[in-house]
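**Student:** Everything below, folded, please.
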Amino acid sequence: MLDALKKFFKDLSNEQEEAGRFSEDDERLAVAALMFHIIAVDGEIEQQELDQLKRVLQQQYELNEEDTKELMELAKVRDEEAVDLYGFTSVLKRKLEPEQRLKVIEALWEMVFADGSVHEFEDNTIWRVAELLGVSSRDRMQLKQKVAQRQSGSSPSST
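**Tutor:** Take a look at the predicted model:
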């Protein structure tokens, strides 16, 4: 009986590994889903936004091409299935230190500025995510300015 239970759990864990390396409560998946949400919230997903998403995920998490593709696909699905942002932010608030949460907000601004402009829905979404993560308005706005200054030819104006 005990051997049968051990085999069951071993098989279950092998199935989960084969199904993908990003679990439901993986902070990488939560961040990627929020990033995907940001690029989709204005109703248009541009190739430069997808390229930026891929670049940021690869750099931030040191992922190879295959893992990045899997993470992006899962993030898209999770975002489409989500009814709100809380499911993602609760994972991040539980697993990340305050300094790491600032990095999440910075990464979200990177997504916003990928297409060269800030849509009011994007700005509002980052405001809500920052609130849920416990990031102050001051920090959120400083990160927005920091990313805007990094972007060549971009300004933090709304459209």
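**Student:** Now residue 104. Nearest residue, chain neighbours left out?
**Tutor:** Leaving aside its sequence neighbours, residue 104 sits nearest to residue 31 (Cβ to Cβ, 6 or more residues apart in numbering; 5.6 Å). The way it works is simple: take the backbone N, C-alpha and C, and place the C-beta from them, glycine included.
**Student:** OK, contacts around that neighbour?
**Tutor:** 60, 88, 92, 104, 107 (Cβ atoms under 8 Å, 6 or more residues apart in numbering).
**Student:** Show me the shaky parts of the chain.
**Tutor:** In the predicted model, the chain carries pLDDT under 70 at residues 1-20, 152-159.
**Student:** Going by residue numbers, what spans are helices in it?
**Tutor:** Counting by DSSP state H, one finds helices in the chain at the ranges 2-19, 27-40, 47-61, 65-81, 86-95, 98-113, 120-133, 137-150.
**Student:** Out of the ones you listed, which is the most enclosed?
**Tutor:** helix 27-40 (a mean of 24; mean count of other Cβ atoms under 10 Å).
**Student:** do you know how far residue 131 is from residue 124?
**Tutor:** Computed as Cβ to Cβ, to the nearest Å, the residue 131 to residue 124 distance reads 11 Å.
**Student:** so what's the backbone phi/psi at residue 82?
**Tutor:** Here is the backbone geometry of residue 82 (degrees, to the nearest 10): phi -70, psi 140.
**Student:** and it, how far is that from residue 112?
**Tutor:** According to Cβ to Cβ, residue 82 and residue 112 sit 19 Å apart.
**Student:** again, but for residue 69
**Tutor:** Relative to residue 112, residue 69 is positioned 23 Å away (Cβ to Cβ).
**Student:** Repeat that for residue 97.
**Tutor:** According to Cβ to Cβ, residue 97 and residue 112 sit 23 Å apart.
**Student:** Residue 134 touches residue 102, doesn't it?
**Tutor:** No. Residue 134 sits out of contact with residue 102 when judged by Cβ atoms under 8 Å, with a separation of 10.2 Å.
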